[in-house]
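# Quick one: sequence plus predicted model below, questions after.
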Amino acid sequence: MKSIPVPLQQLDPQLPLPYYAHADDAGADLVTAEDFTLAPGQRRMVPTGLAVAIPSGWVGLVHPRSGLAARHGISIVNAPGTVDSGYRGELKILMINTDPSESVSFTRGDRIAQLVLQEVAQAQFIPVDTLPETSRGVGGFGSSGLSSAPDQYAHQR
Ligand SMILES: O=c1ccn([C@H]2C[C@H](O)[C@@H](COP(=O)(O)OP(=O)(O)OP(=O)(O)O)O2)c(=O)[nH]1
Ligand SMILES: [Mg+2]
């Protein structure tokens, strides 16, 4: 896998560095710098004790952890959060408890989200009168239906 250096400032040196649980994982786990409890429906801006310098041409995406989502309904309000390469502030995570009845508690050091690095390009927006034609056209928002997919090779027979 491609690997790039990311300068990182430990604002809270007792906390572990972001951590890839397995060799080929896309996301490095981020931990909470504080204890907190989320009541049903509650959201909270959670500090990570970290500041990073994402390289120019890359973005940091803050994704939820699926285990917390499956077990407790815990997610991230703005998932995936966008960490711009120019951002030098503390990485914060907008956690939310979507469970209708159970509160969920976290202890400082618990892994609450994961940071995925991706290469990005900026668009040069070019106003035009008409856009290039496609088979999809303006169809969207469920236009292709729900039932099993049509035979995608039918047109080749
Ligand atoms: O989950 C997140 C999302 C963003 N940020 C930081 C890094 C990012 O570069 C900055 C701004 O984020 P974004 O552009 O999503 O927020 P905005 O509401 O557009 O604020 P701004 O006007 O500062 O861009 O906040 C985080 O720490 N965590
Ligand atoms: Mg912004």
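Arrived safely. Ligands and ions are numbered 1, 2, ... in the order given.
# So which bits of this structure are right by ligand 1?
62, 78, 81-84, 87, 91-94 (CB under 6 Å from any ligand atom). All C-beta spots, glycine's among them, are computed from the backbone N, C-alpha and C.
# Doesn't residue 44 belong to a helix?
No: counting by DSSP: H, G, I helix; E, B strand; the rest coil, residue 44 falls outside a helix, being strand.
# what number of residues lie near it?
18 (other CB atoms under 10 Å).
# Settle this for me: it is touching residue 36, isn't it.
Yes: counting by CB atoms under 8 Å, residue 44 does reach residue 36; the two are 5.9 Å apart.
# Give me the common contacts of those two.
When contacts are counted by CB atoms under 8 Å, 6 or more residues apart in numbering, residue 44 and residue 36 have residue 95 as shared neighbours.
# List buried residues within the residues of the chain next to ligand 1.
62, 81, 83, 91-94 (16 or more other CB atoms under 10 Å).
# could those residues go into JSON lines alongside secondary structure and pLDDT?
Formatted as JSON lines, those follow (DSSP: H, G, I helix; E, B strand; the rest coil; pLDDT from 0 to 100):
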{"residue": "62", "secondary structure": "strand", "pLDDT": "98"}
{"residue": "81", "secondary structure": "strand", "pLDDT": "98"}
{"residue": "83", "secondary structure": "strand", "pLDDT": "98"}
{"residue": "91", "secondary structure": "coil", "pLDDT": "98"}
{"residue": "92", "secondary structure": "strand", "pLDDT": "98"}
{"residue": "93", "secondary structure": "strand", "pLDDT": "98"}
{"residue": "94", "secondary structure": "strand", "pLDDT": "98"}
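# Tabulate the residues you listed (JSON lines), appending distance to residue 51.
Formatted as JSON lines, these follow (distance: CB to CB, whole Å):
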{"residue": "62", "distance to residue 51": "14"}
{"residue": "81", "distance to residue 51": "15"}
{"residue": "83", "distance to residue 51": "10"}
{"residue": "91", "distance to residue 51": "7"}
{"residue": "92", "distance to residue 51": "10"}
{"residue": "93", "distance to residue 51": "14"}
{"residue": "94", "distance to residue 51": "17"}
